[in-house]
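K.L.:
Just a sequence and a predicted model for now, questions to come.
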Amino acid sequence: MSTKGPLTSRTILIASSVPLELTTELERYGARVLTWPKLDVRAPDNFAAIDEGIGNLFGYDWLIFQSVNAVNFFLRRFQTLGHEISELDALRVCAVGQETVRTL
């Protein structure tokens, strides 16, 4: 249900916990609304993918954390692989939510 409005040609990413009314209102103003699902952050059975991501970290534009658990898990693994937290100073890092920002 998209109409012409001030948000036409805009895509807005929202958390799955956002009330349906807000989503409906954004679409009424022309926005394309995508839902960011709740993430289940836990240790993987195999660390190969995250280790590869950390190894190529400086090829990414942004490092985005959505939860305190994600920050804690990532930083533990980052340090386990022999990296210093100060290496992240060269990256654009984003944290979603006040608790996540504080933890980061």
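P.N.:
Cool, got the structure.

K.L.:
got a list of what the residue lying closest to Val93 once chain neighbours are set aside touches?
P.N.:
Nearest residue to Val93, sequence neighbours excluded (Cβ to Cβ, 6 or more residues apart in numbering): Leu63, at 4.8 Å. Every residue, glycine included, has its C-beta placed from N, CA and C. Contacts for Leu63 (Cβ atoms under 8 Å, 6 or more residues apart in numbering) come out as Leu57, Leu88, Leu91, Arg92, Val93, Cys94.

K.L.:
Please name the nearest non-neighbouring residue to Leu7.
P.N.:
Nearest residue to Leu7, sequence neighbours excluded (Cβ to Cβ, 6+ apart): Ala31, at 3.8 Å.

K.L.:
and the one you found, how far is that from Arg77?
P.N.:
Distance, Ala31 to Arg77, using Cβ to Cβ, to the nearest Å: 36 Å.

K.L.:
quick one: which of these two has more around it?
P.N.:
Taking neighbours as other Cβ atoms under 10 Å, Ala31 and Arg77 compare with Ala31 leading, 20 against 17.

K.L.:
what sits against the more buried one?
P.N.:
Ser2, Gly5, Leu7, Thr8, Arg10, Thr11, Ile12.

K.L.:
Much appreciated, bye for now.
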